[in-house]
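S.K.: Here is a sequence together with a model predicted from it:
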Amino acid sequence: MNRPVDDPLIRALSGLHLGPGTRAWIGVALRPATVLTLALVLASAIPISWVTSGPSLCPFKVLTGLPCPGCGMTRGIVTLLHGDLGLSLYYHPLAIAAVVACVGLVLVDGWVWLRPRSPDADRVSPSWLPERLMASPAPWVAIGALTVVWAIRLPLYVAGSWVF
């Protein structure tokens, strides 16, 4: 039996006066597999010169003059997706881990979303993966990794031997 899924996205969409087909397409468009795939494709389509030149858009860096723990991540991801591993590591060493995590999340969510299931099976909520991920130690591991990298890079930046 198909039971309704207690998902905030589905509840919010059901409050709008949209047809069921439109709600289904919006639900598909907001799945982690869709959003992350589009983000990676967009990052690979952006020319490297767009992200490596110009002013910093990081609010922390603009306000304090110091780079934040994630400064350089966008440049690192874009250069990695263009195939320049060395430049990616220079901009942010965790860009590789971010891309690997995104690809892993796309594969897991895509597999759950597209796998064949019986008509009596419960529907899988679009937010099941972020909910499980946030309940795991993964966010704390990411925060710890960003903190360690920042603690190493910040003194180098202040000394003038590292550019974010």
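M.R.: Happy to help now that I have it.

S.K.: burial count for residue 91?
M.R.: Residue 91 has 23 neighbours, counted by other C-beta atoms under 10 Å. For glycine as for every other residue, the C-beta is placed from the backbone atoms N, C-alpha and C.

S.K.: so who does it touch?
M.R.: 72, 73, 75, 76, 79, 164 (C-beta atoms under 8 Å, 6 or more residues apart in numbering).

S.K.: Find the pair from these with maximum spatial separation.
M.R.: 79 and 164 (13.7 Å; C-beta to C-beta).

S.K.: returning to what we had before: for the contacts of residue 91, please prepare TSV with the additional fields secondary structure and neighbour count.
M.R.: Below are the contacts of residue 91 laid out as TSV (DSSP: H, G, I helix; E, B strand; the rest coil; neighbours: other C-beta atoms under 10 Å):
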residue	secondary structure	neighbour count
72	coil	26
73	helix	20
75	helix	20
76	helix	25
79	helix	24
164	coil	19
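
S.K.: Just name the closest of the residues you listed to residue 31, please.
M.R.: residue 73 (23.0 Å).

S.K.: For residue 127, see how far away that closest one is.
M.R.: Distance of residue 73 to residue 127, computed by C-beta to C-beta, to the nearest Å: 24 Å.

S.K.: Can you tell me the SS state at residue 54?
M.R.: Look at residue 54: counting by DSSP: H, G, I helix; E, B strand; the rest coil, its state is coil.

S.K.: Measure how buried it is and give me the count.
M.R.: Counted with other C-beta under 10 Å, residue 54 comes out at 8.

S.K.: Tell me the pLDDT of it.
M.R.: We have a pLDDT of 79 for residue 54.

S.K.: oh, and call the first residue 50 from now on, that's how I've got it
M.R.: Okay, using 50 as the starting number, the last item reads as residue 103.
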